[in-house]
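> With the input below, show me the fold.
(one chain, ligands or ions: 1)
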Amino acid sequence: MQKSTGKVRVRFAPSPTGGLHLGGVRTVLYNYLFAKKHDGEFILRIEDTDQTRFVEGAEQYIYDCLKWCGLEPDESPMQGGAFGPYRQSERKLMYHDYALQLIHAGHAYYAFDTHEDLEKMRADFKTTENPSPQYDSNLRTKMKNSLTLSAEEVERNIKEGVPYVVRIKVPANETITFTDLIHHEVSFDSNVVDDKVLLKADGMPTYHLAVVVDDYLMKITHAFRGEEWLSSSPVHILLWKYLFGLDQMPQWAHLPLILGPSGKLSKRDGAKFGFPVYAMNWTDPKTKDFTEGFKEKGFLPGAFINLLALLGWNDGTGQELFSMDELITQFSIERVHKSGAKFDYEKAKWFNHEWIKKSTVEELFPDIKKIFEAKEVVIEEETHFKNIMELVKDRCTLMTDFYEQAIYFFKAPEVLDTEAVKPKWNEAKTDFFETYCAQLHELNVWNVASIEDSFKTLATEKNIKPGELQLPMRIMLVGGKFGPAVFEIAHKIGKSATISRIKTALVQLNK
Ligand code: GLU
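Residues are numbered from 1 along each chain as shown. I've put the predicted structure just below:
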């Protein structure tokens with residue numbers, strides 16, 4: 001079925017109705033990898049024919065997400081291209097001819113049923129075996145359409161402006177079959193496929209007509225989309241057959257669902273378990289409903305892409321860390337799994353941690369800088385700042401961890417976890433730290449070795465195990481039980497800050 005010649009052209013065709021779910025980004029990624037691997041083109045097409053679902057700002061948001069992920073299209077509404085316009089609402093008139101062509105060939109018909117007529121049909125034909133009757137090859141004969149009304153009535157209705165839709169005439173008793181790159185041979189019984197609306201009363205096409213017409217006009221060779229669209233595919237196959245011929249049809253791949261703790265991973269799962277589900281933060285302009293994004297949570301785009309690539313695919317060697325270039329070379333759609341892929345947030349964080357570790361501070365610096373600046377920390381000496389980031393880098397799982405892991409290098413901790421040391425606190429320890437402060441004050445050479453040596457010598461003199469004094473020292477300098485080697489920290493924050501933090505802590509500990 002695949003067109004044998006010509007460039008590979010794939011598309012991501014979102015409806016601009018809200019935030020971009022990680023499943024959507026994975027669809028983009030698989031399309032993108034396939035296109036780049038085959039030296040092809042990746043197109044972003046905005047499917048906005050359902051005006052009732054239009055959401056202000058959603059299109060720009062999708063574009064920003066793709067940009068952040070490094071998955072920029074070759075053609076899109078924003079940058080244009082030879083097959084535009086790329087927004088379906090701007091292509092409205094193009095679809096009409098195809099709808100007419102289908103009507104003339106007997107594959108579609110006008111339907112004048114009102115909302116009440118449809119309700120009545122659903123109520124009248126409801127049985128226990130068929131709880132939700134559909135407008136299909138069986139029931140269409142009982143409705144108000146150009147198959148049941150006379151030609152004169154149809155003409156009069158249209159002339160008088162009676163609202164109508166155009167529906168596909170799905171044939172009865174046929175098997176609709178196509179080959180999917182992941183699911184292989186897929187078949188549907190046409191009797192369970194309803195006569196979907198192709199053209200709405202407002203003259204806009206529905207997604208079903210528009211997607212087929214646009215995939216044809218935009219010369220799409222491969223269409224990869226989420227598995228939730230598999231049930232719509234028989235309608236699309238029929239439209240391809242009636243309008244353009246099956247030999248023109250793109251190759252389909254329906255990608256496995258991404259699963260959460262209970263079924264398909266949802267926004268609600270994210271809110272409930274405290275992990276992001278969207279690529280970037282999204283606030284619905286009407287409801288003000290907020291959903292957290294991977295970007296703002298502190299994920300690196302490379303890590304996000306890496307973890308998404310493995311949600312439903314692997315290269316068979318057990319390799320887990322992939323750069324975009326490696327993914328482009330190693331990806332193959334045939335290796336995408338059929339069954340759903342389980343999203344595991346702990347594993348997602350593991351990917352990010354690995355990506356932080358393998359990135360240089362130089363590469364991470366622009367993002368880290370933004371995080372500190374957002375907290376109103378002014379970076380005075382860039383080299384010093386970068387040295388500190390180097391020191392804490394491997395301890396950060398999320399980019400946002402850099403702040404907590406490093407802020408105490410720049411300002412004294414506001415809260416000290418004194419509870420961690422209080423139970424074993426005694427006068428001997430107070431005495432130790434008071435003497436140590438005095439010694440530090442006199443120290444001529446301020447380096448890690450000199451700070452550590454005087455600490456250990458004094459501990460031996462006072463007959464206290466250094467191990468019992470290191471945790472208190474850490475709490476005094478950092479505020480909590482974390483951070484790199486404590487003498488390293490003292491060295492970096494400097495003599496006067498070290499002394500003053502110890503003194504402040506002693507006051508609290510001896511209260
Ligand atoms: N507009 C559909 C969506 O919102 C596109 C599905 C397809 O790729 O055919 O996901």
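> nearest residue to Ala303 other than its sequence neighbours?
Trp355 (3.7 Å; Cβ to Cβ, 6 or more residues apart in numbering). In this view, the C-beta of every residue, glycine as well, is placed from N, C-alpha and C.
> For that neighbour, pull up the helix or strand it's in.
Trp355 is part of helix 345-358, with elements assigned from DSSP states H and E.
> what packs against that helix?
Counting contacts by 3 or more Cβ pairs under 8 Å, 6 or more residues apart in numbering; DSSP states H and E, helix 345-358 packs against helix 301-309.
> Tell me which residues of the helix or strand that the helix it packs on is followed by come out buried.
Sequence-wise, the next helix or strand downstream of helix 301-309 (DSSP H and E) is helix 324-330. With burial defined by 16 or more other Cβ atoms under 10 Å, the residues of helix 324-330 counted as buried are Met324, Leu327, Ile328, Gln330.
> contacting residues for Met473?
Met473 sits next to Phe433, Phe455, Val486, Ala490, Ile502 when contact means Cβ atoms under 8 Å, 6 or more residues apart in numbering.
> Would you write a ChimeraX line that selects the buried entries of these?
To isolate the buried members of the contacts of Met473 in ChimeraX, using 16+ other Cβ under 10 Å:
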select :433,455,486,490,502
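> Nearest to Pro14 among the contacts of Met473?
Taking Cβ to Cβ as the measure, Pro14 lies nearest Val486 of the contacts of Met473, at 50.6 Å.
> Now do the SS call for Lys286.
When classified by DSSP: H, G, I helix; E, B strand; the rest coil, Lys286 comes out as coil.
> and it, how many neighbours?
Residues lying near Lys286 (other Cβ atoms under 10 Å) number 8.
> for Glu119, same thing?
11.
> Show the pLDDT at the residue of the stretch 301-450 of the chain found nearest the ligand.
Closest to the ligand within the stretch 301-450 of the chain is Ile333: 14.6 Å, counting by Cβ to the nearest ligand atom. Model confidence at Ile333, expressed as pLDDT, equals 95.
> Distance check, the residue lying closest to Leu66 once chain neighbours are set aside against Leu209.
With sequence-adjacent residues excluded and distances taken as Cβ to Cβ, 6+ apart, Leu66 is closest to Glu72, at 5.9 Å. For Glu72, the distance to Leu209 equals 29 Å [Cβ to Cβ, to the nearest Å].
> what does Gly318 give?
According to Cβ to Cβ, Gly318 and Leu209 sit 45 Å apart.
> repeat for Leu20
In terms of Cβ to Cβ, Leu20 sits 25 Å off from Leu209.
> Ok, Phe290 next?
35 Å.
> So which of the two has more stuff around it?
Set side by side, Phe290 and Leu209 show more neighbours around Leu209, with 28 against 11, by other Cβ under 10 Å.
> Tally up the residues packed near the closest residue to Ala210 other than its chain neighbours, please.
Excluding its sequence neighbours, the residue lying closest to Ala210 (Cβ to Cβ, 6+ apart) is Gln88, at 5.0 Å. Burial of Gln88 is recorded as 25 neighbouring residues (other Cβ under 10 Å).
> Likewise for Glu363?
Glu363 has 12 neighbours, counted by other Cβ under 10 Å.
> What strand or helix carries it?
In this structure, Glu363 sits in helix 361-374 according to DSSP H and E.
> need the contact list for the residue nearest to Ala303.
Neighbouring residues of Trp355 by Cβ under 8 Å, 6+ apart: Leu300, Gly302, Ala303, Asn306, Leu321.
> again, only this time at 10 Å
Contact analysis of Trp355 by Cβ atoms under 10 Å, 6 or more residues apart in numbering lists 299-307, 321, 323, 364, 399.
> And the residue in the stretch 51-200 of the chain that the ligand sits nearest to, how far from Leu209?
Among residues of the stretch 51-200 of the chain, the one nearest the ligand by Cβ to the nearest ligand atom turns out to be Gln88. It sits 8.8 Å away. Shown here: Gln88 relative to Leu209, a distance of 10 Å by Cβ to Cβ.
> Hmm, Ile62 and the residue nearest to Leu66 touching each other?
No: using Cβ atoms under 10 Å, Glu72 makes no contact with Ile62, being 11.7 Å away.
> between the two, which one's more packed in?
More crowded of Glu72 and Ile62, by other Cβ under 10 Å: Ile62, with 26 against 15.
> any idea of the pLDDT on Leu364?
98.
> Spell out the residue ranges of the strands in this structure.
For the chain, strands defined by DSSP state E occupy the ranges 9-12, 41-44, 108-111, 165-168, 175-180, 184-189, 197-199, 222-226, 251-255, 258-260, 263-264, 282-283, 290-291, 341-342.
> With respect to the ones you listed, which exhibits the lowest mean confidence?
Among the strands of the chain, strand 263-264 scores lowest, with a mean of 90.
> Name the residues contacting each of Glu72 and Ile62.
Taking Cβ under 10 Å, 6+ apart as the contact criterion, the residues that touch both Glu72 and Ile62 are Leu44.
> if you compare the strands of the chain, which one is most tucked away?
With neighbours defined as mean count of other Cβ atoms under 10 Å, the strands of the chain peak in mean count at strand 9-12, which reaches a mean of 26.
> quick one: is it near the ligand?
No: Strand 9-12 is not in contact with the ligand by Cβ under 6 Å from any ligand atom; minimum separation 7.2 Å.
> so how far is that strand off the chain centroid?
Computed by Cα atoms, centre = their mean, to the nearest Å, the chain-centroid distance of strand 9-12 equals 18 Å.
> And for stretch 395-413?
Distance, centroid of stretch 395-413 to centroid of chain: 26 Å (Cα atoms, centre = their mean).
> May I have that stretch as CSV, with CA atoms only?
Extracted C-alpha coordinates of stretch 395-413, given in CSV (Å, rounded to 0.1, in the frame of the first residue of the first chain):
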residue,chain,number,x,y,z
ARG,A,395,23.0,14.8,43.7
CYS,A,396,20.3,16.5,41.6
THR,A,397,17.5,14.4,40.1
LEU,A,398,15.5,17.3,38.8
MET,A,399,16.9,20.6,37.6
THR,A,400,15.0,22.3,40.4
ASP,A,401,17.0,20.3,42.9
PHE,A,402,20.0,22.5,42.1
TYR,A,403,18.5,25.3,44.2
GLU,A,404,18.0,23.3,47.3
GLN,A,405,21.3,21.4,46.9
ALA,A,406,23.3,24.6,46.5
ILE,A,407,21.5,27.6,48.0
TYR,A,408,23.4,27.2,51.3
PHE,A,409,26.6,28.0,49.5
PHE,A,410,25.2,31.5,49.0
LYS,A,411,23.2,32.2,52.1
ALA,A,412,22.9,30.8,55.5
PRO,A,413,20.1,28.2,55.9
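> Which positions in it come out as buried?
395-410, 412-413.
> For stretch 116-133, measure first residue to last.
With Cα to Cα, to the nearest Å as the measure, stretch 116-133 spans 15 Å from end to end.
> per-residue confidence averaged over that stretch?
According to the model, stretch 116-133 has a mean pLDDT of 95.
> Identify each buried residue in it, please.
Neighbour count says stretch 116-133 has Met121, Pro133 buried, by 16+ other Cβ under 10 Å.
> could you measure Gly494 against the ligand, distance?
56 Å (Cβ to the nearest ligand atom, to the nearest Å).
> Could you pull up the residues touching the closest residue to that residue other than its chain neighbours?
Among residues not flanking Gly494 along the chain, Trp446 sits closest, at 7.4 Å (Cβ to Cβ, 6+ apart). Contact partners of Trp446, counting by Cβ under 10 Å, 6+ apart, are Leu440, Ala490, His491, Gly494, Lys495, Thr498.
> buried subset of those residues?
Neighbour counting by 16+ other Cβ under 10 Å classes Leu440, Ala490, His491, Thr498 among the contacts of Trp446 as buried.
> Noted, bye for now.
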